[in-house]
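S.K.: my questions concern the predicted model and sequence given below.
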Amino acid sequence: MSLELTSDDLEMLNGRDGEAVSMAMRIIVRLAETVKAENLIDITGAHIDSCLYHGLSTIDFADRLVQLGAKVKVPTTLNVSSMDLLHPDLYRGDPEESERGRQLADLYEAMGCKATWTCAPYLLEERPYFGEQIVWAESNAIVFANSVLGARTDRYGDLIDICAAITGRTPAAGLHLDENRYASCVYEVEKLPPSLLDRDEIFPLLGAFIGSTTGTQVPVINGLKANQPEHRLRALGAAAASTGSVGIFHAVGSTPEAPTLTAALGEREPLNSISVSVEDLQEMRSKLTSATGTDLGTVALGTPHYSIEEFSILRSLVSGKKKHPNIDFYVSAGRDVLLELELRGWADELRSFGVSLVGDTCTYFSPILSNTLDPAMTDSGKWAYYAPNNLGVEVIYSSTSDCVASAIEGRVILDESIWTHE
Amino acid sequence: MNSEAMISGPILHLEEPLSFWGGLDPATGVITDIHHPQVGVCVTGKILVMEHGRGSSSSSSVVLELIRNKAGPVAIILLEMDTHIVLGSIAAEELYGLLMPIIVVSRDILESLHTGDIVNIDPTNELVSFS
């Protein structure tokens, strides 16, 4: 079957709605032909990753669209910027690059995108509903929308995201379609000790393991306690989308398309079944830790952007305490969540511990860390995966409570008890 | 807009998939991923062969920037289509009129392409032939 366009699609392509819509439509149609889609579908929301500066061409692309009169047709949010737009003094990179980051931000805002500047758009007030067709770019947001919300987005990236937002159309392909959302690879966690599965820090490790072993298959996790909290599911998804190209996962009893294992599998037999062992998780733990010894310079949390739920956990850990003066302690979050922290009075409590709150961007690629010579510690599988290559920093992955304890002592402290009590 | 012209160049066959974002300098075309076995190798002017991309959502922008800088390969041959890579190529044609075809071949053909071989590509018909 070849691509069939509606008369509306053809009119957009032929310039009825202006040159920008026509250009965006040309790009969408070429993508649709490449992925062998049979038609295009309507979308009702978009999340844009193209707003992160990667060189002059990223500005050329946005500027061309703006010059041609582009306006987004559906509610559209913006992913992180290359800098904290509200606190530009935190940026330690080239001032010219920072100026270009600002320029790119202005162009996307000029097209009518909301200045949300967060990689966690699902924490914003209007989150996508079950079954909603959307175009989201940013891997952790994609996996969360598909898996935890049951909304439908393919694994989008830069350039196509804004084209879809401008036209309100996207190829009917990938994770938009039922048949591509069913699981074919089962991860059994029944053999893992329940005490281990009760710890937040296990979820990024499980995600990292799934990402590095599932390939292009859709994974389903069987054997977790039902109704897992969102922060665990999203940390798992973010790690899986970093070590692999996971766009959706199911967790039986916790995610909406997996009320039962059979339902998640679309009533078919799985192609693969993997029993996850403690050793598998320990192997991931060593892969996400490159530093040896106890030297520590930085603690970096908030990848993806911290939620109120996670700040609440952090707040109870740091209450009444102070970090060691030699340690920098960063937490990244969206500006909406940061505002909420101020309103609740939590921001002051966190600052009195010594937390630097970073908005609009993320510490794993933006030049924000003042010390990259000493190792950095994180509770994020995604940060631990990317930071060594992006920043040249050595990394230690562990729990949020280990991160706080280490920041207080000024050296790496790891609670090994969960790994020894089996 | 499709050019009929044949493209010719030396193969660079990557031993492992490469993430364009964070793995390659778009100004120079040099592989910078310290974990990649071909770190330090330059992709400029080559016909890049790899099984599949390692998709970061930023890859399209990096491919576009690579082509703008004229530091990119002349074509990319894959086993599976990678939408992130292909979008960089589509946008480069739209913005700058610069072509960098992406073509998908069978495993047999892919495995017959060795670094240094000179091959011709007919982008319209997605055919690869040895010179």
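M.R.: Yes, it's here.
S.K.: is residue B:119 in a helix, a strand, or coil?
M.R.: Of the three states, residue B:119 takes strand under DSSP: H, G, I helix; E, B strand; the rest coil.
S.K.: so what's residue A:119 up against?
M.R.: In this structure, residue A:119 makes contact with A:79, A:80, A:138, A:140, A:141, A:303, A:304, A:305, A:334, A:362, judged by Cβ atoms under 8 Å, 6 or more residues apart in numbering or on different chains. Just so you know, the C-beta spots here come from the backbone N, C-alpha and C atoms, and that holds for glycine as well.
S.K.: quickly note the distance from it to residue B:96.
M.R.: Relative to residue B:96, residue A:119 is positioned 29 Å away (Cβ to Cβ, to the nearest Å).
S.K.: check residue A:120 too.
M.R.: From residue A:120 across to residue B:96, the span is 34 Å (Cβ to Cβ).
S.K.: so which of the two has more stuff around it?
M.R.: residue A:120 (26 against 14; other Cβ atoms under 10 Å in any protein chain shown).
S.K.: middle-most residue in chain A, spatially?
M.R.: residue A:140 (2.4 Å; Cα atoms, centre = their mean).
S.K.: next: chain B.
M.R.: residue B:76 (2.8 Å).
S.K.: wait, is that residue part of a strand?
M.R.: Yes: according to three-state DSSP, residue B:76 belongs to a strand.
S.K.: that one and residue B:100 touch, don't they?
M.R.: Yes: counting by Cβ atoms under 8 Å, residue B:76 does reach residue B:100; the two are 7.0 Å apart.
S.K.: the residue of the stretch 201-350 of chain A found nearest chain B - how many residues pack around it?
M.R.: Among the residues of the stretch 201-350 of chain A, residue A:245 lies closest to chain B, at 5.1 Å counting by Cβ to the nearest Cβ. If you count neighbours by other Cβ under 10 Å, residue A:245 ends up with 21.
S.K.: flag every residue of chain B that's near chain A.
M.R.: Chain B comes close to chain A at residues B:21-23, B:26-27, B:33-35, B:54-62, B:64-65, B:67-69, B:81, B:83-84, B:86-88, B:90-92, B:94-96, as judged by Cβ under 8 Å from any Cβ of the partner chain.
S.K.: flag every residue of chain A that's near chain B.
M.R.: A:23, A:26-27, A:30-31, A:34-35, A:49-50, A:52, A:54-58, A:60-61, A:64, A:137-139, A:142, A:154-160, A:245, A:365, A:386, A:389-390.
S.K.: hmm, which of these are the buried ones?
M.R.: A:23, A:26-27, A:30-31, A:34, A:49-50, A:52, A:54-55, A:57-58, A:60-61, A:64, A:137-139, A:142, A:154-160, A:245, A:365, A:386, A:389-390 (16 or more other Cβ atoms under 10 Å in any protein chain shown).
S.K.: what mean pLDDT does the longest helix that chain B contains get?
M.R.: Taking DSSP state H as the criterion, chain B has its longest helix at helix B:83-96. The average pLDDT for helix B:83-96 rounds to 95.
S.K.: after it, which helix or strand is next? Please name it.
M.R.: Remark: after helix B:83-96, the chain's next helix or strand is strand B:102-104, criterion DSSP states H and E.
S.K.: distance between that next one and the chain's centre?
M.R.: 9 Å (Cα atoms, centre = their mean, to the nearest Å).
S.K.: for that strand, packing partners?
M.R.: strand B:75-78, helix B:83-96 (3 or more Cβ pairs under 8 Å, 6 or more residues apart in numbering or on different chains; DSSP states H and E).
S.K.: helices or strands next to the lowest-mean-pLDDT helix or strand in chain B in the packing?
M.R.: Least confident helix or strand, chain B: strand B:127-130 with a mean of 79, by mean pLDDT, DSSP states H and E. Under the contact criterion of 3+ Cβ pairs under 8 Å, 6+ apart, strand B:127-130 touches strand B:118-122.
S.K.: just checking: what are the partner strands of the strand it packs on?
M.R.: strand B:7-13 (antiparallel), strand B:127-130 (antiparallel) (DSSP bridges).
S.K.: now that strand: buried residues?
M.R.: Along strand B:118-122, these residues count as buried under the neighbour rule (16+ other Cβ under 10 Å): B:119, B:121.
S.K.: can you check stretch B:17-26 too?
M.R.: B:17, B:18, B:19, B:20, B:21, B:22, B:23, B:24, B:25, B:26.
S.K.: check contacts around the residue of the stretch 1-150 of chain A found nearest chain B.
M.R.: Closest residue of the stretch 1-150 of chain A to chain B, Cβ to the nearest Cβ: residue A:55 (3.6 Å). Residues counted as contacts of residue A:55 (Cβ under 8 Å, 6+ apart) are B:26, B:27, B:61, B:62, B:65, B:68, B:69.
S.K.: give me the buried subset of those.
M.R.: B:26, B:61, B:62, B:65, B:68, B:69.
S.K.: okay, those residues in a markdown table with secondary structure and pLDDT next?
M.R.: Listed next are these as a markdown table, based on DSSP: H, G, I helix; E, B strand; the rest coil; pLDDT from 0 to 100:
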| residue | secondary structure | pLDDT |
| --- | --- | --- |
| B:26 | coil | 95 |
| B:61 | helix | 95 |
| B:62 | helix | 95 |
| B:65 | helix | 97 |
| B:68 | helix | 97 |
| B:69 | coil | 97 |
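S.K.: and the furthest pair within the residues you listed?
M.R.: Maximum pairwise distance in these, criterion Cβ to Cβ, is 12.5 Å, between B:61 and B:69.
S.K.: low-scoring stretches of chain B, by residue?
M.R.: B:1-4, B:55, B:131 (pLDDT under 70).
S.K.: all strands of the stretch 101-250 of chain A, in order?
M.R.: Ranges of strands in the stretch 101-250 of chain A, per DSSP state E, counting those that start in this stretch, are A:135-136, A:169-171, A:185-188, A:219-222, A:250-251.
S.K.: ok, back up a step: tabulate the helices and strands packed on strand B:102-104 (CSV), appending distance to residue A:382.
M.R.: Shown next, in CSV, are the helices and strands packed on strand B:102-104 (distance: least, Cβ to Cβ, whole Å):
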stretch, distance to residue A:382
strand B:75-78, 26
helix B:83-96, 18
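S.K.: for residue A:314, find the nearest of those.
M.R.: Taking these one by one with Cβ to Cβ, helix B:83-96 is closest: 33.8 Å.
S.K.: so for the closest one, what gets flagged as buried?
M.R.: Buried, per 16+ other Cβ under 10 Å, within helix B:83-96: B:83-95.
S.K.: contacts for the longest helix of chain B next, please.
M.R.: Outside of helix B:83-96, the residues within contact range by Cβ under 8 Å, 6+ apart are A:23, A:26-27, A:30-31, A:34-35, A:57, A:60-61, A:64, A:154-160, B:1, B:20, B:53, B:55-57, B:59-64, B:66-68, B:76, B:78, B:98-102.
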